[in-house]
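S.K.: Please work out how this folds:
(one chain, ligands or ions: 1)
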Amino acid sequence: MGTSTHLHVTAWALAFILFIVVVILNKSGKAKGAKIVQMILRLDYLLILYSGGTLLANYFGAPQMGEAIFKGLAGIWAIFAMEMISLKSGREEPTKSWWIQLVIAVILTMLLGFGRLGLGFLP
Ligand code: HEM
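M.R.: Numbering: from 1, shown residues only. You can find the predicted model right below:
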């Protein structure tokens, strides 16, 4: 795995943890704490985008370029769903449709990231 792959996997694994913490804090009425963790989560989104963008650049001109672009779009969708759930859980608005979207986006992202694209595992 290259450096960008390590950074990418670390960044989205951290995002999932921070996201769950934001939701739990919001659900327990700790709005202030949730806001702080949400700011850190947003910085982590930038890390995901940066590392993902770097990985995507490796696919430029490769036969799997189209698939890699879809992988990136699914990743952006997952980030968007996490952001919407974070916001809506803070406002006590319904989040169900965004949870469904998050599950679909993460499954797609994982299938395309681990299952099909392989450059990340090259030295
Ligand atoms: C929450 C969001 C995301 C998740 C869960 C995620 C997950 C993954 C996973 C599981 C891999 C495979 C890692 C590996 O090869 O070892 C991967 C690789 C990759 N990701 Fe993401 N990703 C996310 C966001 C993004 C974004 C926003 C972009 C584009 C801007 C992106 C672009 C890529 C690319 C191009 C690869 C390279 C695949 C490879 O060479 O193996 N990802 N991602």
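
S.K.: CA atoms for contacts and neighbours, from now on please.
M.R.: Fine.

S.K.: Figure out how far the longest helix that the chain contains is from the centre of its chain.
M.R.: Secondary structure assigned by DSSP state H gives helix 31-58 as the longest helix of the chain. Counting by Cα atoms, centre = their mean, to the nearest Å, helix 31-58 is centred 8 Å from the centre of its parent chain.

S.K.: now swap in stretch 44-61 and tell me
M.R.: The answer for stretch 44-61 is 12 Å, by Cα atoms, centre = their mean.

S.K.: Kindly report the residues of the chain close to the ligand.
M.R.: For the chain, the contact set with the ligand under Cα under 6 Å from any ligand atom comprises 5, 12, 48-49, 52-53, 55-56, 68, 71-72, 75-76, 78-79, 106, 109-110, 113-114, 117-121.

S.K.: And residue 105, what's its pLDDT?
M.R.: At residue 105, the model reports a pLDDT of 98.

S.K.: Make sure it is actually in contact with residue 73.
M.R.: No. Using Cα atoms under 8 Å as the test, residue 105 is too far from residue 73 to be in contact (9.1 Å).

S.K.: re the thing from before, give me the buried subset of the residues of the chain next to the ligand.
M.R.: By neighbour count, with 16 or more other Cα atoms under 10 Å, the residues of the chain next to the ligand hold 5, 12, 48-49, 52, 55-56, 68, 71-72, 75-76, 78-79, 106, 109, 113, 117, 119-120 as buried.
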